[in-house]
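In: Dropping a prediction and its sequence here:
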Amino acid sequence: ASTLLRNVEIRYAGAFTSPALLVQTGAAISIPIEDVRIRDAAEAGIRVVSGVPAVSGCTLENNGSFDVELAGSPNVGGSFDGCTLSSVEYEGTAPQPVAWTGNTFDNGGQRTSKLRILELDEFTRANTFNPVTGAVLEVFAGIVEFDATWGPAAGPLVFDGSTSIDGTDGVDGVTTLTLEPGVTIRLPATRAFTVGRASGDPGELIADGAPGGLFQATINFNVDSDVPNAGDWQGLIVDDTGRAVLREVQVRYADTAIRVDGALGVSSNVTVNRSNVGLVLDQATVEGVLRGWSFRNCGAGVRAASTDVTFREANLLGGTFGAENLTPASHCIDAEMNFWGADDGPSGAAPAVGCETATPSGTGAPITEGVLFSTFLDQTPDDGDALACDDGDGFRDPCTGGNTVDCDDNCCEVANDSQADLDLSL
């Protein structure tokens, strides 16, 4: 005999901690649950303790706890397809793979869902989300071991610890995580998002908010805090076996916002704000020119050791140094044609060694030896979106409230046609 549940309505079920529907079968037993409506339960709608139910076409609403709960057991698996619900909770990272396709999450985030890394690709890209204001998706921290793409539709991805990308998945033998435009990643205080390792398996991050060269939405890395401060989290680390490509990316409130010991692919329009150090390059491989980078409200902008790097059309600002070369006798920071925070260029002492012989006599951000600067910009480069940094009316009137007419671009360093990701104090 086999069990089938089809065209059934369950209402007002559950007592104490009991769900409306409990699945507790053998680990490999699949039960079809089709076109079932579960609502007004005292606790969870469906709870899977063991088994691999095939849930399709179901509606779960107005339940007292999560619509779907998956126990943290290797005996749990299954699939959810074409259902309408609002929340799901994984109670651990042990379950078998669970498929999530074609579901609609109405009022998503009203009760915050929690998932594993393994399901984020399909969950964030193969379902529809109608979230409440401020909705987020919590995620168990861990390792991205398989090639994946994460989307923004489920809301910011809030991890409960440090997370890394490393493995040998795919035909190239490099586990690659791709972030779609608009994805936001938040980590707890003191934690890091790491690409690759110091040795061993490789990892790659493709974070491109402007695929094909067309701006869509900024990708954000940040600390998970209501009252963030500079240095709250470690930042984005590209370790020795790692490689990252960053475009239209913003990193905030880190200790070192971006540290590269491995490889940095062709990367542009990266904004670092309110971090102790913006970018550290330590024996790094930098592929191509870094264009349109911006360091604001940072203790130091760029710090390089045993690395040659070129910046163009960038805002190289920092309280201590806009650009700091720790190995000026052997390596060069080519920083011609950038803005240093003042129209007369950077400041600093006369160099004794390095690739630059001129003295930085301006009033802008300080630089060290080994930084080429002689040709510089006298104002911040425009971010290239539809709004001008100054609309020409003689007043500083940044766009607010969604208005984009007769006002100044509210964040001139980040392409932002809608003015939705404003940062007036950037």
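Out: Here it is on my side, so go on. Residues are numbered from 1 along each chain as shown.
In: Strands of the stretch 251-400 of the chain, start to end?
Out: Using DSSP state E, counting those that start in this stretch, the strands found in the stretch 251-400 of the chain span residues 256-260, 263-264, 268-273, 277-282, 285-286, 290-291, 294-296, 300-305, 309-312, 315-316, 321-325, 333-334, 371-372.
In: by contact count, what packs against the second one?
Out: Spelled out, it's strand 263-264. strand 242-252, strand 285-286 (3 or more CB pairs under 8 Å, 6 or more residues apart in numbering; DSSP states H and E). To be clear about C-beta, it is placed using only N, CA and C from the backbone, and glycine gets the same treatment.
In: what about it, distance to the chain center?
Out: Mean-position distance between strand 263-264 and its chain equals 18 Å (CA atoms, centre = their mean, to the nearest Å).
In: For it, which strands pair with it and how are they oriented?
Out: strand 242-252 (parallel), strand 285-286 (parallel) (DSSP bridges).
In: Pick the most buried one from these.
Out: Among those, ranked by average contacts under mean count of other CB atoms under 10 Å, first place goes to strand 242-252 (a mean of 25).
In: Strand 268-273 and that one, what's the angle between them?
Out: If you take axes from the mean of the first three to the mean of the last three CA atoms, to 10 degrees, strand 242-252 sits at 50 degrees to strand 268-273.
In: roughly how far is strand 242-252 from the heart of the chain?
Out: 9 Å.
In: between it and strand 256-260, what angle do the directions make?
Out: Going by the same axes, to 10 degrees, strand 242-252 makes 170 degrees with strand 256-260.
In: Give the residue spans of the stretch 201-350 of the chain that score low on pLDDT.
Out: With pLDDT under 70 as the threshold, the stretch 201-350 of the chain has no low-confidence stretch at all.
In: cutoff 80 now
Out: For the stretch 201-350 of the chain, applying pLDDT under 80 flags the ranges 213-215.
In: got the helices and strands packed on strand 263-264 as CSV, with distance to Ala44 columns?
Out: Formatted as CSV, the helices and strands packed on strand 263-264 follow (distance: least, CB to CB, whole Å):
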stretch, distance to Ala44
strand 242-252, 36
strand 285-286, 50
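In: So which of those is nearest Thr124?
Out: strand 242-252 (17.9 Å; CB to CB).
In: Would you mind putting the CA coordinates of the closest one into PDB?
Out: Provided in PDB are the C-alpha atoms of strand 242-252 (Å, rounded to 0.1, in the frame of the first residue of the first chain):
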ATOM      1  CA  GLY A 242      40.700  32.600  -4.900                       C
ATOM      2  CA  ARG A 243      39.700  34.900  -7.700                       C
ATOM      3  CA  ALA A 244      37.100  37.600  -7.700                       C
ATOM      4  CA  VAL A 245      35.500  39.800 -10.400                       C
ATOM      5  CA  LEU A 246      33.700  42.800  -8.900                       C
ATOM      6  CA  ARG A 247      31.600  45.400 -10.800                       C
ATOM      7  CA  GLU A 248      29.000  47.700  -9.400                       C
ATOM      8  CA  VAL A 249      29.700  46.400  -5.900                       C
ATOM      9  CA  GLN A 250      29.500  48.300  -2.600                       C
ATOM     10  CA  VAL A 251      31.200  47.200   0.700                       C
ATOM     11  CA  ARG A 252      30.500  48.900   4.000                       C
END
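In: can you give me the angle it makes with strand 277-282?
Out: Going by the same axes, to 10 degrees, strand 242-252 makes 170 degrees with strand 277-282.
In: Looks like Ala126 contacts Trp100 (just checking).
Out: Yes: Ala126 is in contact with Trp100 according to CB atoms under 8 Å; the separation is 6.6 Å.
In: quick one: which of the two has more around it?
Out: Trp100 (22 against 15; other CB atoms under 10 Å).
In: what's the helix or strand for the closest residue to the more buried one other than its chain neighbours?
Out: Of all residues beyond its chain neighbours, the one nearest Trp100 is Phe123 (4.6 Å), with distances taken as CB to CB, 6 or more residues apart in numbering. Taking DSSP states H and E as the definition, Phe123 sits inside helix 120-125.
In: Tell me the gap between that helix and the middle of its chain.
Out: Using CA atoms, centre = their mean, the offset of helix 120-125 from its chain centre is 14 Å.
In: For that helix, give me every contacting residue.
Out: For helix 120-125, the external contacting residues (CB atoms under 8 Å, 6 or more residues apart in numbering) are 99-101, 115, 137, 139, 148-154, 157, 180.
In: and with 6 Å instead?
Out: Identification of contacts with helix 120-125 by CB atoms under 6 Å, 6 or more residues apart in numbering yields 100, 115, 148-151, 153-154.
In: low-confidence ranges in the stretch 1-150 of the chain?
Out: 1-2, 15-16.
In: One more pass at 90, please.
Out: Along the stretch 1-150 of the chain, segments meeting pLDDT under 90 span 1-3, 14-17, 26-28, 94-95, 108-109.
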